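Participant: Please find the sequence and the predicted model below.
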Amino acid sequence: MFQIHGFLDLIFWVLAIAAFGLCAWALVHALKTPARAFAMAGKLDKRLWLVILGLATLFSFAAAVKYLPVLSFFTIASVIGSGIYLADVKPAVGEIGKGGGNSGPYGPW
């Protein structure tokens, strides 16, 4: 007999691992980004983003190892927080470092 619950558990476990990867990627990017880039882009402070993304990574890891339910409030909030960082903050702070000293009137040369 086909066990649908086992298959759904597998799908949600894979989603939890993907959520952990998303949160870890955002956290590593925030760690590598200079603090002045956040201020220059008009975003929240780097320390606040590190706290948000650190907790998001912790909660998503807890869901990936099945300590927390995959569809818990904390896991969903973790994905939302990391998604906001990757969709809004990462492009804004990434533009700060571009256009350095070797830039001509029409772009880098």
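Facilitator: Thanks, I have the structure now. Numbering: from 1, shown residues only.

Participant: For Ala39, give me its contacts.
Facilitator: Asp45 (Cβ atoms under 8 Å, 6 or more residues apart in numbering). C-beta: built from backbone N, CA, C; applies to glycine.

Participant: Can you tell me how far it is from Leu22?
Facilitator: 25 Å (Cβ to Cβ, to the nearest Å).

Participant: element containing the nearest residue to Leu31 once chain neighbours are set aside, please.
Facilitator: With Cβ to Cβ, 6 or more residues apart in numbering as the criterion, Leu31 has its nearest non-adjacent residue at 7.0 Å, and that residue is Leu50. Applying DSSP states H and E as the criterion places Leu50 in helix 46-64.

Participant: Pull out the buried positions in that helix.
Facilitator: Residues of helix 46-64 classed as buried: 46, 49, 52-53, 55-64 (neighbour count, 16 or more other Cβ atoms under 10 Å).

Participant: same thing with stretch 64-80?
Facilitator: So, applying 16+ other Cβ under 10 Å, buried residues of stretch 64-80: 64, 68, 70, 75, 78-79.

Participant: Relative to Gly6, which of these is nearest.
Facilitator: Val70 (14.4 Å; Cβ to Cβ).

Participant: Which phi and psi values does that closest one adopt?
Facilitator: Val70 adopts backbone torsions of phi -60, psi -40, taken as degrees, to the nearest 10.

Participant: Quick check: pLDDT value at it.
Facilitator: Val70 is assigned 83 on the pLDDT scale.

Participant: and what of the one 5 residues further on?
Facilitator: Confidence per residue is given as pLDDT, and for Thr75 that number is 92.

Participant: For the helix or strand that contains it, enumerate the helices and strands it packs against.
Facilitator: Under the criterion of DSSP H and E, Thr75 resides in helix 73-84. Contacts defined by 3 or more Cβ pairs under 8 Å, 6 or more residues apart in numbering; DSSP states H and E place helix 73-84 against helix 4-32, helix 46-64.

Participant: could you give the angle of that helix to helix 4-32?
Facilitator: Per axes from the mean of the first three to the mean of the last three Cα atoms, to 10 degrees, the angle that helix 73-84 makes with helix 4-32 is 50 degrees.
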